[in-house]
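>>> Provided below for reference: sequence and predicted model.
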Amino acid sequence: MESIKDSVPSMPYRERAAWLALCAMGLPFTGYFVWVIAAPPTAAMPDWSTFTRFGVAIALQIAIWSLGTLWLRRRHPEDAAAPLDERDLAISRRSIQTGYSILFAVTCINIGCVFPFAQGGWKLINVGLASIVLAELVRNSAVIWLYRRGFHG
Amino acid sequence: MADRKLANHIRTLRFLQGEMTQADLGARVGVTRQTIAAIESGKYAPTLETAMRIAEAFGKRVDEVFFWQVAP
């Protein structure tokens, strides 16, 4: 039995891709929000300084994700080319469901409690952006968790 | 109902089939080798369709491949 050789990588390709997406979004936007908290945007609209910070964060995310994906595809060409199977699809569905629930809950809390129709401008934009980033981080974390801990539908 | 989980004899059956690899079995069944590895280790419970395809690949019935294991 020990002689069976399977050469299965320790981490599935989709889990690696989820780690990449998590880092690609988490690192630049952590920097963005730290920056925004340290130096809050002015009330004037448009605020080109904040817009530039946002642009840098998005550009970094795209760069990390694109380069990382190219690197992953070169290292694991067969796994990258393989279509999603039933486990991949089931994990994808569950993680989207989890991420959407977070997005919905955080948005409702923000609208109803934190900013009850009394705030606007960049504050509201950044809170909305933070909700989307959080939901996406939770979705990717759920993918990683379900591949690591197992998923039984 | 007792706490139990779905277990299987896939690893043994692969060995008996001339050391069939997870990739070979995955290709015959239509899933990735990582999914076969996850099924073998009990990290993923396959759909009925995949369970039947796996059993078919070994020339067995589903209940000869998959069984309930009572958790300790």
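On my side now, so go ahead. Since this is a predicted model, take the numbers as computed values, not measurements. Numbering: from 1, shown residues only, chains lettered A, B, ... in the order given.
>>> okay, CA-based contacts and neighbour counts for the rest of this
Noted.
>>> what's around A:Pro46, how many residues?
If you count neighbours by other CA atoms under 10 Å in any protein chain shown, A:Pro46 ends up with 11.
>>> Check A:Ala142 too.
21.
>>> That one: what's it in contact with?
A:Arg94, A:Ser95, A:Thr98 (CA atoms under 8 Å, 6 or more residues apart in numbering or on different chains).
>>> now do 10 Å
Taking CA atoms under 10 Å, 6 or more residues apart in numbering or on different chains, we find A:Ala142 in contact with A:Ala18, A:Ile91, A:Ser92, A:Arg94, A:Ser95, A:Ile96, A:Gln97, A:Thr98, A:Gly99, A:Glu136, A:Arg148.
>>> Identify, among the helices and strands of chain A, the element with the weakest mean pLDDT.
The helix or strand of chain A with the poorest confidence is helix A:77-81; it has a mean of 89 (mean pLDDT, DSSP states H and E).
>>> any idea where the helices of chain A begin and end?
A:13-38, A:48-75, A:77-81, A:86-109, A:121-149 (DSSP state H).
>>> among those helices, which gets the worst mean confidence?
Mean pLDDT is lowest for helix A:77-81 among those, at a mean of 89.
>>> residues making contact with that one?
Helix A:77-81 is contacted by residues A:9, A:12-14, A:17, A:69-74, B:32-34 when judged by CA under 10 Å, 6+ apart.
>>> Buried residues, that helix. List them.
Residues of helix A:77-81 classed as buried by neighbour count (16 or more other CA atoms under 10 Å in any protein chain shown): A:Asp79, A:Ala80.
>>> Fine, thanks again, bye for now.
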